[in-house]
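Peer 1: could you look at this predicted model? Sequence included:
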Amino acid sequence: MNAGGTPVSAGVPASAEVPVSAGVPVSASVSAQAPGLGGEALRIEGLRKSFGDHLVLDGIDLVVAEHEVVCLIGASGSGKSTLLRCVNLLEPIDSGRIVVQGAEITASGVDVDRIRRSIGIVFQAYNLFPHMSVIRNITLAPVKVLRLPKAEAEARAEELLRRFGLLDKRDAVPDRLSGGQQQRVAIVRALAMRPSILLLDEITSALDPVLVAEVLSVIRELAESGMTMVLATHEMGFARDIANRVAFLEGGRIIEEGPPGQIFSAPRDERTRRFLDRVIEAGRL
Amino acid sequence: MTHAAPRRSRLRSRGVAVLVATVSTLVVFGVIGWLIVNADGWATVQARFFDSARFDEALPRVFAGLLVNIGIFLIAAVCILVWALVLAVMRSLDDPVFFPIKLFAIIYIDLFRGLPSILIIYVLGFGIPALRLPGLTSDVYVWGIVSLVLVWSAYVAEVYRAGIQSVHPSQAAAARSLGLSGVKTFRYVVLPQAIRRVIPPLLNDMVGLQKDTALVSFLGPVEAFRRAQAMASADFNFTPYLASAMLFLMLTVPMARLVDWLVARDRKRYLAGAR
Ligand SMILES: Nc1ncnc2c1ncn2[C@@H]1O[C@H](COP(=O)(O)OP(=O)(O)O)[C@@H](O)[C@H]1O
Ligand SMILES: [Mg+2]
């Protein structure tokens, strides 16, 4: 049942030695952004990132509390994907700090692979490994990285597959699955590492409308089980529904952030209002 | 099932088309054959190249030589497939720290792809034994195989590299995001996909290698082509060459068919996957 809301799951006894967050002291002293939520899961300070001389992220500050769900909204090219990729250290940053579970991951000399284990990311294009069955996709990292015994990794994977109604696809190859099924497998693959935070990058954008719902219901369940998530999304209705907080990006900056009720009904910034007007015009809200 | 009738008639018209094609092909080859057999020089050519008594006599001896060929081929192929992979990995290293290694691989590949195999075989096969270096074998088989490995690994390395580059970077990103190291990402995610994609061109190169094993004969080991040469020069009859050619084709043609079959199967899979 545990979705990884806490980094080391207490629900499965055998996983006690899993070093998901080993060596990363959990900071309890930092005050949480949203009351009623846990400690601080992610802190981004003054993050700047450019590709060549194109400045894509221009000083991002963002704090995410444990069990919080933050939605990033903004037009295409506003830097949402880049921001998520930076948090997973898939892109080197120019300046600023990123702190996950109290440990600065952008400090020099950190073990990048170790950090990535505890930060899950799911991509728009699923990026499943096409030469492996569903179960192998999911167990590859637990076996090769966490060094779990194969049987245990498979049991863990099967439990997740069952939870999301995918157990019958255990031995299928990704090509034979629908987009929605592939994306759910990709989510399971990330969850199998028991990440302390899950980053989701427009995970429904490549899907037919009829398949969007099945993926969104997975996210909804994860949110209810307390998973800390940051998701870039174009699904405004869903963001309003599920987010504890919404952040609007434009030109590589967070223009405005706040609870979804406020952002969507009473945006303070003119640019947010203009963006939302365009979204409404396009019939997406 | 409702389309049974039109399908049957389509099948019938296909059958007719195949029949027409077969008959016309036979007629064309028949005419060419007739022209050759009735040419003025045919009697001489027939005696020199198509002497059936000599053919029967040459075949078993050339065949014994062919077994040597196959041995050379198998040893060389294993070495090439391994060493070329090492080269391809070295060539694909992007970290500036590894630049000297990458440079070595680039120079190696350029060099050995740019030189004819026969030249390397001569230089190594005659040159190194002539140096009489202590501890270095003067076995011409060894130097023949080394030459083939040097040359063909350069080609095969480029095939591997094309495969590695064809794997989309998002695959590596997905693996790294799960915490797999660069080496494990390569080993479990990139390489298996790369190899799967390059099996047909890889087998093509193996067909070429099989042919090139004949060049090793210039160093002296007795293999099929060499046997044929020895027998031909003994009495100025070239029929043994024909026997040699036939045996080579018996090896290379099935390999070529296998390649075609694999390509077709891959294509079918790809089309099925892209639905
Ligand atoms: N690898 C890259 N190289 C160069 N430019 C990039 C790269 N990735 C993203 N960009 C640029 O960065 C900007 C932000 O892109 P992205 O983060 O994908 O935005 P979003 O996800 O909000 O649509 C865009 O202008 C895009 O062209
Ligand atoms: Mg994006």
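Peer 2: Here it is on my side, so go on. Ligands and ions are numbered 1, 2, ... in the order given.
Peer 1: closest point of the stretch 1-150 of chain B to chain A, which residue?
Peer 2: B:D95 (12.9 Å; CB to the nearest CB). In short, each C-beta sits where N, CA and C put it, glycine included.
Peer 1: for A:V122, grab phi and psi.
Peer 2: phi -120, psi 130 (degrees, to the nearest 10).
Peer 1: is it in a bridge, and if so with what?
Peer 2: A:V122 has these beta-bridge partners by DSSP bridges: A:L200.
Peer 1: for residue 112, what are its contacts?
Peer 2: With no chain named, the answer covers chain A. A:L89 (CB atoms under 8 Å, 6 or more residues apart in numbering or on different chains).
Peer 1: hmm, no, I was thinking of chain B.
Peer 2: B:I120, B:L150, B:V151, B:S153, B:A154.
Peer 1: show the contacting residues for the last one.
Peer 2: Just to be clear, that refers to B:A154. Counted by CB under 8 Å, 6+ apart, B:A154 has contacts B:A84, B:L87, B:Y108, B:I109, B:L111, B:F112, B:R113.
Peer 1: with the third one instead?
Peer 2: B:V151 sits next to B:F112, B:R113, B:L115, B:S117, B:I120, B:D212 when contact means CB under 8 Å, 6+ apart.
Peer 1: please indicate which of the residues you listed are buried?
Peer 2: Neighbour counting by 16 or more other CB atoms under 10 Å in any protein chain shown classes B:F112, B:S117, B:I120, B:D212 among the contacts of B:V151 as buried.
Peer 1: tell me the SS of the residue nearest to the second one when sequence neighbours are not counted?
Peer 2: So the one you mean is B:S117. Leaving out its chain neighbours, the residue that sits closest to B:S117 by CB to CB, 6 or more residues apart in numbering or on different chains is B:V151, at 4.7 Å. Here B:V151 is helix, with the state taken from DSSP: H, G, I helix; E, B strand; the rest coil.
Peer 1: quick one: B:V151 from B:N204, how far?
Peer 2: Between B:V151 and B:N204 the computed distance is 15 Å (CB to CB, to the nearest Å).
Peer 1: same thing with A:V110?
Peer 2: 46 Å.
Peer 1: what's the burial count for the residue of the stretch 151-275 of chain B found nearest ligand 1?
Peer 2: Per CB to the nearest ligand atom, B:P169 is where the stretch 151-275 of chain B lies closest to ligand 1, at 9.3 Å. By the measure other CB atoms under 10 Å in any protein chain shown, the count of residues near B:P169 is 10.
Peer 1: can you pull the pLDDT of it?
Peer 2: Per-residue confidence (pLDDT) for B:P169: 93.
Peer 1: close to chain B: what parts of the stretch 151-285 of chain A are there?
Peer 2: With CB under 8 Å from any CB of the partner chain as the criterion, the stretch 151-285 of chain A comes near chain B at residues A:D175, A:R189, A:A190, A:M193.
Peer 1: between those, which is closest to B:V23?
Peer 2: A:D175 (43.4 Å; CB to CB).
Peer 1: measure the closest one to B:V189 for me?
Peer 2: Applying CB to CB to A:D175 and B:V189 gives a distance of 16 Å.
Peer 1: ok, the two, which is more surrounded?
Peer 2: B:V189 (24 against 15).
Peer 1: apart from its neighbours in sequence, what residue is nearest that one?
Peer 2: B:A175 is the one closest to B:V189 (CB to CB, 6+ apart), at 4.3 Å.
Peer 1: which residues does A:R43 bridge with?
Peer 2: Counting by DSSP bridges, A:R43 forms beta bridges with A:V63, A:V99.
Peer 1: correct me, but it touches A:A103?
Peer 2: No - contact criterion CB atoms under 8 Å: A:R43 and A:A103 do not qualify, at 10.5 Å.
Peer 1: residues making contact with stretch B:92-102?
Peer 2: B:M90, B:R91, B:R161, B:I164, B:Q165.
Peer 1: looking at those, which two lie furthest apart in space?
Peer 2: Spanning the widest gap among the contacts of stretch B:92-102 are B:M90 and B:Q165, at 14.3 Å by CB to CB.
Peer 1: which one of these two is surrounded by more residues?
Peer 2: B:M90 (20 against 13).
Peer 1: spatially nearest residue to the more buried one (excluding sequence neighbours)?
Peer 2: B:M90's closest residue in space is B:A105 (CB to CB, 6+ apart), at 3.9 Å.
Peer 1: is the one you found in contact with B:L87, as I believe?
Peer 2: Yes - using CB under 8 Å, B:A105 is in contact with B:L87, at 5.1 Å.
Peer 1: give me the common contacts of the two.
Peer 2: Going by CB under 8 Å, 6+ apart, residues that sit against B:A105 and also against B:L87 are B:A157.
Peer 1: and the helix or strand A:I135 falls within, what does it pack against?
Peer 2: Element membership of A:I135 [criterion: DSSP states H and E] is helix A:134-144. Packing contacts for helix A:134-144, counted by 3 or more CB pairs under 8 Å, 6 or more residues apart in numbering or on different chains; DSSP states H and E, involve helix A:150-163, helix A:179-191.
Peer 1: and the helices in the stretch 151-275 of chain B, which stretches?
Peer 2: Per DSSP state H, counting those that start in this stretch, the stretch 151-275 of chain B carries helices over the ranges B:169-177, B:182-185, B:191-212, B:224-235, B:239-273.
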